[in-house]
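Peer 1: Structure, please.
(one chain, ligands or ions: 1)
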Amino acid sequence: MSNKIKILKDQLNQTIWTDNIEKLKPYLYEQRGNIQGKSSLLILPKNTADVVKIVKVCNKNKIKIVPQGGRTGLCGGTIPNKNGEEVVLSTEKMNQIIQINKDRFYMVVQAGCSLSSIKNKAFENNRFFPLSLPSESSCTIGGNISTNAGGAAVLKYGMTKELVEGIEVVLPNGEILNSIKNIEKDNRGFDPKYIHIGSEGTLGIITKVKLRLFPKINKKVMVIVATNAVENLINLLNYTKNQCYEYFSSFEVNTNIGFDLIKKYYKDIPIPFDNQYSWYAIVELCSYDDLDLEKKIKNIINNSIKNKLIFDAIIPQNLKQYNNIWKTRELLSEAQKLHGKSIKHDISVPIEKIPLFLKRARKCLNNFPKNNILTFGHLAEGNLHYNISKPENMSNSVFNKLHDKVNSNIFEIVHDLGGSFSAEHGIGLIRKKEFKKYTSREELIIKSNLKKLLDPNNIMNPGKIFN
Ligand SMILES: Cc1cc2nc3c(=O)[nH]c(=O)nc-3n(C[C@H](O)[C@H](O)[C@H](O)COP(=O)(O)OP(=O)(O)OC[C@H]3O[C@@H](n4cnc5c(N)ncnc54)[C@H](O)[C@@H]3O)c2cc1C
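Peer 2: Numbering: from 1, shown residues only. Purely as a prediction, here's the structure:
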């Protein structure tokens, strides 16, 4: 154990840290199991005062901190480096709902609250918090804000940044920056909370947040549709937007390859349409009032079938069927993990260029059979998860060798089409090279200068986003 870590331990209450190797283990792995780090100290603060104390001692002694929420991030942002000198700070004990104001539609919570606990609390109070991620039972709101998470409700409610009214952050020098105010309007210059949203723990530790709430959803209707071309789904998306923009909440896309994976690893989930088609989309409408959404969706389905945009559609008839259809989409990441190694991409391009992206990407993947390319995701935002599984007959070493080449080919196409190599997962450890390559000089200068200004000792999640 280094001398510095001993100083830190001596200054903290023993109830908020552990150096037990077994207890530390789960905090050192990445969700997908690809990246592993080292650390000899896990700190579990209970409140902002604890965090202030920890950060002040760390800054004074130049001890590096890796903030962690639910550890569901997909870019290695929570992994300490391999020299073992960084300490892990988990917000899991900071899980209190502090206040809910129903009349003013907001909620204040500690940053370590799980997303599902926030959604449940809002629901119990006749309110709705729309952020919707398959990881919602494990991820925390602090992590959601630090990654500016997206998910399945962006179409109607936007990314996490649209849902945050204020945050309290402990800065790298231990001072508190608090933008949680008891007012809705405050235009005294630019709002510093925005630099922390999406900053992946590199600029401070988010300790509390004020979230925007919405009325409870009264009516919801979902349909899963089947077709044979992604172009049809884009036309269906545009048509649905034109018909009922204000009710349109989700448009999630899957393919026959995704259904095959679900069928293989989750045998109890029925596969819609017997998987006879190549493209599928879950379309969901919701409303706060008692509107007849079923009539609206049936109208859309009938016209879309008549115009040959879709070939078939299923409206679930009960909650079980509804949940099972959503599972065919939400379990894809897990199914792919069970299937073995894959090269993953979380890209976005202007939506009208999605067919061109798919065509060009396929062309540069001639080493891979068609069935090894899994495409799914948030088509409404031009955001696809484009993942390539290792073919059974390809050795691990050949697959690993192809990894960088595949990535650079895909990212070049994305860049050429005016897109992003990271639509919603962030940079973390794994996309630093691309961040440097595809970010404009001006933006890089602003971001790295901000990091140096706020964190001159580089104690906050070092080696993530920046080198
Ligand atoms: C099955 C599955 C599906 C997913 N689907 C989506 C999806 O649809 N859309 C999407 O955007 N993401 C998705 N994700 C990714 C992930 O769930 C999100 O990035 C989530 O927002 C991370 O929250 P977390 O609490 O787990 O953060 P962590 O993984 O613990 O941390 C993520 C980053 O935030 C930093 N951090 C965490 N808490 C704090 C804090 N309090 N203060 C400062 N920094 C902090 C960490 O240092 C790290 O850099 C998915 C993940 C899984 C496993």
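Peer 1: Torsion angles phi and psi at Phe251?
Peer 2: Note on Phe251: its backbone torsions stand at phi -150, psi 90 [degrees, to the nearest 10].
Peer 1: For it, grab the count of nearby residues.
Peer 2: Number of residues near Phe251 (other CB atoms under 10 Å) recorded here: 23. The C-beta positions use only the backbone N, C-alpha and C, and glycine is treated the same way.
Peer 1: who are the neighbours in contact with it?
Peer 2: Phe251 makes contact with 155, 237, 240, 281-284, 378-380, according to CB atoms under 8 Å, 6 or more residues apart in numbering.
Peer 1: go with 10 Å
Peer 2: 152, 154-156, 233-234, 236-237, 240-241, 281-284, 378-381 (CB atoms under 10 Å, 6 or more residues apart in numbering).
Peer 1: how much space between it and Val223?
Peer 2: According to CB to CB, to the nearest Å, Phe251 stands 11 Å off from Val223.
Peer 1: Could you do Asn458 as well?
Peer 2: Going from Asn458 to Val223 by CB to CB gives 50 Å.
Peer 1: Specify which residue of these two has the higher count of neighbours.
Peer 2: The neighbour comparison of Asn458 against Val223 (other CB under 10 Å) goes to Val223, with 22 against 15.
Peer 1: now the chain, which segments are flagged as low pLDDT?
Peer 2: 1, 32 (pLDDT under 70).
Peer 1: Kindly state the domain boundaries assigned to it.
Peer 2: Residue ranges for the domains of the chain, per automatic domain parsing: 3-90, 97-215, 219-333, 340-416.
Peer 1: Would you tell me which residues of the stretch 1-150 of the chain are close to the ligand?
Peer 2: Residues of the stretch 1-150 of the chain lying close to the ligand (CB under 6 Å from any ligand atom) are 31, 67-74, 77-78, 91, 111, 133-135, 139-140, 142-144, 146-147, 149-150.
Peer 1: if we can go back for a sec, out of the contacts of Phe251, which end up buried?
Peer 2: 152, 154-156, 233-234, 236-237, 240, 281-284, 378-381 (16 or more other CB atoms under 10 Å).
Peer 1: out of these, who's near the ligand?
Peer 2: When the buried ones among the contacts of Phe251 are filtered against the ligand using CB under 6 Å from any ligand atom, no residues are retained.
Peer 1: Could you tell me which residues touch both of Phe251 and Val223?
Peer 2: In contact with both Phe251 and Val223: 240, 281-284, using CB under 10 Å, 6+ apart.
Peer 1: Which residues are in contact with the residue nearest to Ala111 when sequence neighbours are not counted?
Peer 2: Distances taken as CB to CB, 6 or more residues apart in numbering place Gly142 nearest to Ala111, at 3.0 Å, with adjacent residues excluded. Each residue near Gly142 by CB under 10 Å, 6+ apart is listed here: 67-70, 91, 94, 109-113, 167, 169, 201, 205-209.
Peer 1: Is it correct that Gly142 falls within a helix?
Peer 2: Yes. Counting by DSSP: H, G, I helix; E, B strand; the rest coil, Gly142 is located in a helix.
Peer 1: Leu211 versus that one, what's the distance?
Peer 2: Distance of Gly142 to Leu211, given as CB to CB: 12 Å.
Peer 1: Check Leu365 too.
Peer 2: 41 Å.
Peer 1: Same check on Leu293?
Peer 2: Taking CB to CB as the measure, Leu293 falls 26 Å from Leu211.
Peer 1: Contact partners for the residue of the stretch 51-200 of the chain found nearest the ligand?
Peer 2: Nearest residue of the stretch 51-200 of the chain to the ligand: Gly143, at 2.1 Å (CB to the nearest ligand atom). Contact partners of Gly143, counting by CB under 10 Å, 6+ apart, are 67-73, 77-78, 91, 111-112, 114-115, 135, 149, 160, 200-201, 206.
Peer 1: Check those for burial and list the buried ones.
Peer 2: Applying 16+ other CB under 10 Å to the contacts of Gly143, the neighbour count classes 67-73, 77-78, 91, 111-112, 114-115, 135, 149, 160, 200-201, 206 as buried.
Peer 1: Which ones among the shared contacts of Phe251 and Val223 map onto strands?
Peer 2: Within the shared contacts of Phe251 and Val223, residues falling in strands by DSSP state E are 281-284.
Peer 1: which among these gets closest to the ligand?
Peer 2: Taking CB to the nearest ligand atom as the measure, the ligand lies nearest Ile282 of those, at 13.1 Å.
Peer 1: For the nearest residue in space to that closest one that is not next to it in sequence, give me its contacts.
Peer 2: Computed as CB to CB, 6+ apart, the closest residue to Ile282 that is not its neighbour in sequence is Glu252, at 4.5 Å. Glu252 makes contact with 132, 151-152, 155, 222, 224, 280-284, 326, 328-330, 332, 376-380, according to CB under 10 Å, 6+ apart.
Peer 1: Apply 6 Å and report the result again.
Peer 2: 152, 282, 329 (CB atoms under 6 Å, 6 or more residues apart in numbering).
Peer 1: just Gly426 next, same as before
Peer 2: Gly426 sits in contact with 75, 147, 200, where contact means CB under 6 Å, 6+ apart.
Peer 1: Show me where the stretch 151-300 of the chain has its helices.
Peer 2: All helices of the stretch 151-300 of the chain, identified by DSSP state H, counting those that start in this stretch, fall at 154-157, 193-196, 230-244, 256-265, 293-306.
Peer 1: List the buried residues in the helix or strand where Val57 lies.
Peer 2: Using DSSP states H and E, Val57 sits in helix 48-60. For helix 48-60, a neighbour-count test (16+ other CB under 10 Å) marks 48, 50-60 as buried.
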